[in-house]
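Asker: here is a sequence with its predicted model. Questions after.
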Amino acid sequence: MEEKTDPRRWSVVSQPGLAAVLLAASAVILFGIGTEFRAVKVWGYAPMAASLILAWTTADRSFARDLSVIAGALALISAISVEADISWTNILRMGIVLSAVVIGPFLVTRYWFKEKSIVYPRRHGQPWSKLEWGWLIFVVVVAWLVLPQYFFRTGVYLNWPAVTEWHEILRLFIGVNAVGLWDELFFICTVFALLRRHFDFWTANVLTTIIFVSFLWELGYRSIGPLLTIPFALVQAVIFTKTKSLPYTVTVHLIFDAIVFLTIVAAHHPQALPIFIGV
């Protein structure tokens, strides 16, 4: 029989709340601080272990199981480097690991826990509203204006390879967009969805955002990157919850990432791709 939980049951000021905060803190160390200071990274497993101990000493076994699924996925991701590298070896390694942390939690929750806590809503037969189309246009305009300023002026584009050959450009394009799709499948459909079962919307959203932005830091969005990635992450959860449409949420993300791709190429080769203004 499927176990029911109240998604607003726990406050962040509670034992489960502290467990979730510690898990988010472990992501900050593993993917954020640990990227800058390699010797510190191993300490990220300490708050992760503490979070699991707290989770499993609560009376809420459903929460403990869901938090364990997230922790296991984060531990697996932390075993590889997610810094931008488009070599075939790294593409294969990241592809296997990132696929595993999407497929694994789905199979575990659906067939072991017998719960439909991870779903991929598609909203069949309902066209996008004028507001949704308007938001897509807004994202294009804002991304086109803001992203070049961030990448060019901070120099973070150097965290991505200076592609020159057509196959390198193609691999970069595929890599950027594949990670964008994975972001929604993992951070929104998995991490946010599992946390949302036990916390109110904004608590789950903020905790997910902390984990997401930490991952993006290792990926290459450094310097003032969190000033851009934090609002983006918070809004994506709102869009997913309001629209109940994974395809729409993914479309927003991939449009944003397409401009990220163009910005990276233009930053490395400004004469070959002079498509941005004010940089």
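Answerer: Received, thanks. Numbering: from 1, shown residues only.
Asker: which residues of this structure score low on pLDDT?
Answerer: Within the chain, the segments meeting pLDDT under 70 span 1-8.
Asker: buried stuff in the longest helix anywhere in it?
Answerer: Taking DSSP state H as the criterion, the chain has its longest helix at helix 130-154. Residues 132, 135, 139, 143, 147, 148, 150, 151, 152 are the ones in helix 130-154 that count as buried (16 or more other C-beta atoms under 10 Å). C-beta: built from backbone N, CA, C; applies to glycine.
Asker: helices of the stretch 51-200 of the chain, residue ranges please.
Answerer: Counting by DSSP state H, counting those that start in this stretch, one finds helices in the stretch 51-200 of the chain at the ranges 61-78, 88-107, 130-154, 166-183, 193-196.
Asker: what lies in contact with the longest one?
Answerer: With contacts defined as C-beta atoms under 8 Å, 6 or more residues apart in numbering, helix 130-154 is touched by 156-157, 222-225, 228, 239, 243, 248, 251-252, 255-256, 259-260, 263-264, 266-267, 276, 278-279.
Asker: and what of the first one?
Answerer: Helix 61-78 has contacts (C-beta under 8 Å, 6+ apart) with 3, 5, 10, 16, 19-20, 23, 26-27, 30-31, 41, 44-45, 48, 51-52, 55-56, 58, 97-98, 100-101, 104-105, 108-109, 113, 115, 117, 186, 190-191, 194-195, 197-198, 211, 215.
Asker: buried subset of those, written for ChimeraX?
Answerer: For the buried members of the contacts of helix 61-78, the matching ChimeraX selection, counting by 16+ other C-beta under 10 Å, is:
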select :5,10,16,19,20,23,26,27,30,31,41,44,45,48,51,52,55,58,97,98,101,105,108,109,113,115,117,186,190,191,194,195,197,198,211,215
